[in-house]
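J.: Need a 3D model of the following:
(one chain, ligands or ions: 2)
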Amino acid sequence: MAHKMLPVIPAPAIQKRVAELGAEISDFYKDQPLVCVCVLKGAFLFFSDLVRRINLGAGGLEIDFVRLSSYGSATSRSHQAVFTKDLEVDVAGKHVLVVDDIVDTGHSAEFLLHVLEKRGAASLKICAFVDKHERREAGVKVDFAGFPIQKGFIVGYGMDYAEKYRELDAVYELVPE
Ligand code: IMP
Ligand code: MG
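T.: Ligands and ions are numbered 1, 2, ... in the order given. Have a look, this model is predicted:
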């Protein structure tokens with residue numbers, strides 16, 4: 001199906017907001033060690049911009065990556081997720097910030113928080129570039145949110161439609177023509 005791409009968030013606005021988030025996160029964790037976990041693939045650009053805006057002073061930053069694959073059945077409303085790439089860093093006793101592109105229903109974030117909690121993280125917070133809280137089903141809350149978005153399917157700045165548009169430096173809404 002053909003789509004139109006409507007500009008939603010221009011590149012300079014993204015960079016300004018990411019700098020603000022970095023300052024907020026730096027202030028929150030200051031002087032404490034932190035593990036930032038990038039949820040692949042969608043968060044890769046957001047993550048790389050964000051970590052460069054985090055300064056923890058005497059604390060230190062570790063980074064790691066996960067990739068999740070979700071499956072579920074529309075009839076049972078069961079939501080399952082599995083790692084297709086697991087963490088390599090041991091998070092036991094460490095503060096952990098999960099960095100995702102979009103928290104939508106919240107099921108994937110809930111799965112990740114549950115696993116990291118079982119592994120003994122000292123604290124767990126979520127940072128999402130986009131918070132689509134209207135569609136939230138799981139009881140997760142985004143602690144550091146870039147932009148709230150009501151509805152619509154967006155691409156660019158890491159986010160894809162059928163693996164396309166991830167490389168764009170701005171965000172667009174895909175609208176069927
Ligand atoms: P959920 O919170 O478990 O529903 O999953 C959210 C994930 O679905 C995000 O991390 C994205 O990978 C994907 N997703 C949700 N909404 C969009 C969108 O508008 N564009 C691109 N990917 C999306
Ligand atoms: Mg994702």
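
J.: ok, and the residue nearest to residue 143 when sequence neighbours are not counted, which helix or strand is that part of?
T.: Nearest in space to residue 143, with sequence neighbours left out and distances taken as C-beta to C-beta, 6 or more residues apart in numbering, is residue 125 at 4.1 Å. (Each C-beta comes from the backbone N, C-alpha and C, glycine too.) Assigned by DSSP states H and E, residue 125 belongs to strand 123-131.

J.: Report the mean per-residue pLDDT for that strand.
T.: Average pLDDT, strand 123-131: 98.

J.: Wasn't residue 23 part of a strand?
T.: No: using DSSP: H, G, I helix; E, B strand; the rest coil, the assignment for residue 23 is helix, not a strand.

J.: Regarding the nearest residue in space to it that is not next to it in sequence, what is its secondary structure?
T.: The shortest distance from residue 23 to any non-neighbouring residue, by C-beta to C-beta, 6+ apart, is to residue 53 (7.0 Å). In three-state terms, and counting by three-state DSSP, residue 53 is coil.

J.: Mind giving me the packing neighbours of the one helix or strand in the chain whose mean pLDDT sits lowest?
T.: Across the helices and strands of the chain, mean pLDDT, DSSP states H and E gives its lowest value to strand 78-85, namely a mean of 85. Packed against strand 78-85 by the contact rule (3 or more C-beta pairs under 8 Å, 6 or more residues apart in numbering; DSSP states H and E) you find strand 61-73, helix 107-118.

J.: weakest of these in terms of mean pLDDT?
T.: Least confident of those, judged by mean pLDDT, is strand 61-73 with a mean of 87.

J.: Confirm that residue 45 sits in a strand.
T.: No: secondary structure of residue 45 (three-state DSSP): helix, not part of a strand.

J.: How about residue 169: what's its closest non-neighbour residue?
T.: Counting by C-beta to C-beta, 6+ apart, the nearest residue to residue 169 once its immediate chain neighbours are dropped is residue 11, at 4.4 Å.

J.: residues near that neighbour, how many?
T.: The number of residues packed near residue 11 is 14, by other C-beta atoms under 10 Å.

J.: ok, now how distant is it from ligand 1?
T.: Distance, residue 11 to ligand 1, using C-beta to the nearest ligand atom, to the nearest Å: 17 Å.

J.: Distance of that residue relative to residue 57?
T.: Noted for residue 11: a distance of 29 Å to residue 57, by C-beta to C-beta, to the nearest Å.
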